[in-house]
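Predicted model follows, preceded by the sequence.
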Amino acid sequence: MAYRNIGTYQVIFTLCLAAVFWYLIFGVQMANFWLSMAVAATVLASLSVLFQGLPFTGKDLNARAIIAGLVSAAILYLLFWLGNTVSQWIFPFARGQVASIYEIRTQGQAMVIALVLLFITSPAEEIFWRGFIQKWAMEKYGDLRGWLLGSCIYAGVHLASGNFMLVMAALVAGLFWGYLYKWEGNLVSCIISHCIWTVGIFLLIPVM
């Protein structure tokens, strides 16, 4: 599929849709988290591909992308482990809010959650948030401001959760993957990083 320029109205439409999805998933919590997130991420990623084309090619899956994805996932995990430790010293509410995030693991079997994270939500979120929203922002406002704007928007939709720690986690992760995308120019690195990090921090070696 040929790449097409991203339109501002397309971005506004998909961001409004994302805000509704995140409100229903994190705010109202009207359905199973993993099912809801899988549907939302798939819809948003599909729309972004429809509007601009696939934001990567088979050539982007190379040794450099794989190494960058794996190493960055490990670095981000260490940052979150450190952040969780420090935040519990500073904020008395931190432990409870982080624990509430981990409660979503009870809404599915570990193997099912791993498959959803690896093959649906993580790739789809990167296609939409970095490969569509941040790409548009960088093209329109320049790499630095586009990176910052895309990261803030990503964190902003999580405000619907009312969970300060989740919003801060989204901001850190958004800045991290956004910088990786800006630096590498290869969305595959971000997808690999997101996949490995989510499975690691949610299922294999949770921070609490």
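Yep, that arrived. Values in this document were obtained by computation on a predicted structure and should not be read as measured data.

Compute the distance between Leu79 and Leu166, please.
According to Cβ to Cβ, to the nearest Å, Leu79 and Leu166 sit 16 Å apart. Placement of C-beta: from N, CA and C, glycine included.

what's the answer for Tyr9, then?
29 Å.

Likewise for Trp177?
Taking Cβ to Cβ, one finds Trp177 at 16 Å from Leu166.

With neighbour numbers in mind, choose between the two.
For Trp177 versus Leu166, the count of surrounding residues by other Cβ atoms under 10 Å is larger for Trp177: 28 against 19.

Grab the nearest non-local neighbour of the more buried one.
Cys190 (4.9 Å; Cβ to Cβ, 6 or more residues apart in numbering).

who's in contact with the one you found?
By Cβ atoms under 8 Å, 6 or more residues apart in numbering, the contact list for Cys190 reads 69, 126, 130-131, 177, 180-181, 184.

between those, which is nearest Val98?
Trp177 (20.0 Å; Cβ to Cβ).

Check what pLDDT that closest one gets.
On pLDDT, Trp177 comes in at 99.

same deal with Tyr3?
For Tyr3, the predicted pLDDT is 66.

Just to check, Phe21 is in contact with Thr42?
No. The pair Phe21 and Thr42 does not pass the contact test of Cβ atoms under 8 Å, sitting 10.7 Å apart.

These two: which has the busier surroundings?
Set Phe21 next to Thr42 and count neighbours by other Cβ under 10 Å: Phe21 wins out with 19 against 16.

Could you check how far the more buried one is from Val199?
Using Cβ to Cβ, we find Phe21 at a distance of 22 Å from Val199.

Ok, Arg145 next?
Taken as Cβ to Cβ, the span from Arg145 to Val199 is 32 Å.

Same drill for the two, tell me which one is more crowded.
Val199 (20 against 12).

And the more buried one, how far from Leu82?
20 Å.

tell me the contacts of the residue most central in space within the chain?
The centroid of the chain falls nearest to Glu125 when counting by Cα atoms, centre = their mean (5.0 Å). By Cβ under 8 Å, 6+ apart, the residues touching Glu125 are 41, 44-45, 194.

what about the chain, any weak spots by pLDDT?
1-3 (pLDDT under 70).

In it, where's the longest helix?
Looking across the chain with DSSP state H, the single longest helix is helix 63-90.

Break down the protein into its helices, ranges please.
Assigned by DSSP H, the helices in the chain fall at 8-22, 33-52, 63-90, 94-102, 110-116, 122-125, 135-141, 143-156, 164-184, 187-199.

where's the spatially closest residue to Val167 that is not a sequence neighbour relative to Leu166, distance?
What sits nearest to Val167 in space, not counting adjacent residues and going by Cβ to Cβ, 6+ apart, is His158, at 4.8 Å. The gap separating His158 from Leu166 is 5 Å, by Cβ to Cβ.

Could you tell me which residues touch both of the two?
With Cβ under 8 Å, 6+ apart, His158 and Leu166 have common neighbours Phe26.

Return the distance of stretch 70-81 from the chain's centre.
14 Å (Cα atoms, centre = their mean, to the nearest Å).
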